[in-house]
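> What follows is a predicted protein model with its sequence.
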Amino acid sequence: MTLSKAINSTIVTRFSSGRILNQLRHTSAGPPPVPPPAPDSIRYKWEKYLEKWPKIASLNKLVFDGSKWCLNDIKTYFNLRKNMLSGKTTIEKLSTSDLEVLVQSGSEIMKMLLLIFILQIPGPGETLIVLIVFFPRIVLTRHFWTDDQRKEFFAMEINKSNTMYDGIHQALKEPKSIEDIKLPNVGELTLDLSTKISQLQGFYPIPFTNGRLAKRVRLLRRLDETLASYLDTLTSQQLLFHMYIRRLDYTNLSDDQIRRKLRDWVGMTSSLSDSAYLVAPVYFNKLRQ
């Protein structure tokens with residue numbers, strides 16, 4: 001009995017049937033609830049067997065829940081892309097959950113697909129457990145991290161984005177404030193600037209980068225437009241997620257302080273151009289150091 005067999009016999013079946021998408025849930029809230037396994041199922045027997053080793057059982061649950069969450073996001077991502085390309089829906093009609101999946105999965109999708117592919121090969125579940133222990137941030141996606149790891153790793157990515165300040169500030173001829181940022185339209189950004197902004201926003205600069213940046217800013221601005229309607233209901237984990245996708249520093253901030261910072265962000269950036277919006281995080285963070 002292996003972890004991969006347990007995963008393949010349960011998660012993949014639900015994925016192909018669409019059952020894992022029957023519940024609406026913000027991806028920022030973490031993995032969807034997993035119903036208990038049937039007493040005679042492979043998963044049930046596997047989990048009972050692992051009870052002899054509590055730490056391994058805990059890691060097994062992390063892989064299982066992460067796989068289910070990752071599959072959920074992948075299917076949602078491609079369904080949304082298909083519906084938007086065909087004109088069946090628009091960004092303005094998407095739910096908060098849909099927007100979260102699109103804005104975050106866009107930079108993770110290749111790694112997510114690779115992880116799910118690996119899970120179909122005999123024995124990879126055990127390999128994933130090793131990766132979770134030794135290389136969680138580098139090899140895996142947020143789906144396979146604990147809450148504490150997400151908080152830590154999100155902060156590391158935000159700090160990496162903040163290191164782009166000097167290069168961007170010089171490239172923009174050192175504007176005195178966020179409001180003074182002057183940039184061409186996203187589609188007209190130079191290769192140097194689009195590369196810097198891509199790194200700031202957390203994805204690799206590849207062909208058609210300007211198009212990806214344009215899609216990202218539309219999704220983020222739509223989330224900004226609707227944020228006030230649900231901001232007070234967000235959990236601590238969801239607040240960190242919303243700071244992370246905007247690349248806003250949350251070091252030593254309480255939940256209430258994060259909410260105020262998100263409101264300040266929306267107010268300060270609402271009148272910016274799309275290209276200025278994309279570089280605004282490093283200035284916003286600098287002002288509040």
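Yes, it's here. Numbers count the residues shown, from 1 in each chain.
> Gly167 contacts Thr195, correct?
No - taking contacts as C-beta atoms under 8 Å, Gly167 lies outside contact range of Thr195: 9.8 Å. Heads up, the C-betas are built off the backbone N, CA and C, glycines and all.
> Now for the two: what residues contact both?
Listed contacts common to Gly167 and Thr195 are nil; contacts here mean C-beta atoms under 8 Å, 6 or more residues apart in numbering.
> following the helix ranked longest in the chain, which helix or strand comes up?
Longest helix of the chain, by residue count under DSSP state H: helix 54-85. Following helix 54-85 in sequence order, the next helix or strand is helix 96-119 (DSSP states H and E).
> which strands and helices sit next to that next one?
Secondary-structure packing of helix 96-119 (3 or more C-beta pairs under 8 Å, 6 or more residues apart in numbering; DSSP states H and E): helix 3-17, helix 54-85, helix 124-134, helix 209-227, helix 236-246.
> Among these, pick out the one with the most neighbours on average.
Compared across the helices and strands packed on helix 96-119, helix 236-246 shows the largest average neighbour count, a mean of 21 (mean count of other C-beta atoms under 10 Å).
> Please enumerate residues in contact with the helix or strand following it?
Using DSSP H and E, the next helix or strand after helix 236-246 towards the C-terminus is helix 255-269. Residues outside helix 255-269 that contact it (C-beta under 8 Å, 6+ apart) are 178, 224, 227-228, 231-232, 234, 236, 239-240, 242-243, 246, 248, 250, 253, 277, 280, 284, 288.
> let's see it at 10 Å
Helix 255-269 has contacts (C-beta atoms under 10 Å, 6 or more residues apart in numbering) with 177-179, 220-221, 223-225, 227-228, 231-232, 234-236, 238-240, 242-243, 246, 248-250, 253-254, 276-278, 280-281, 283-285, 287-288.
> So what's the residue count around the closest residue to Phe241 other than its chain neighbours?
The shortest distance from Phe241 to any non-neighbouring residue, by C-beta to C-beta, 6 or more residues apart in numbering, is to Ser28 (3.6 Å). Ser28 has 22 neighbouring residues, counting by other C-beta atoms under 10 Å.
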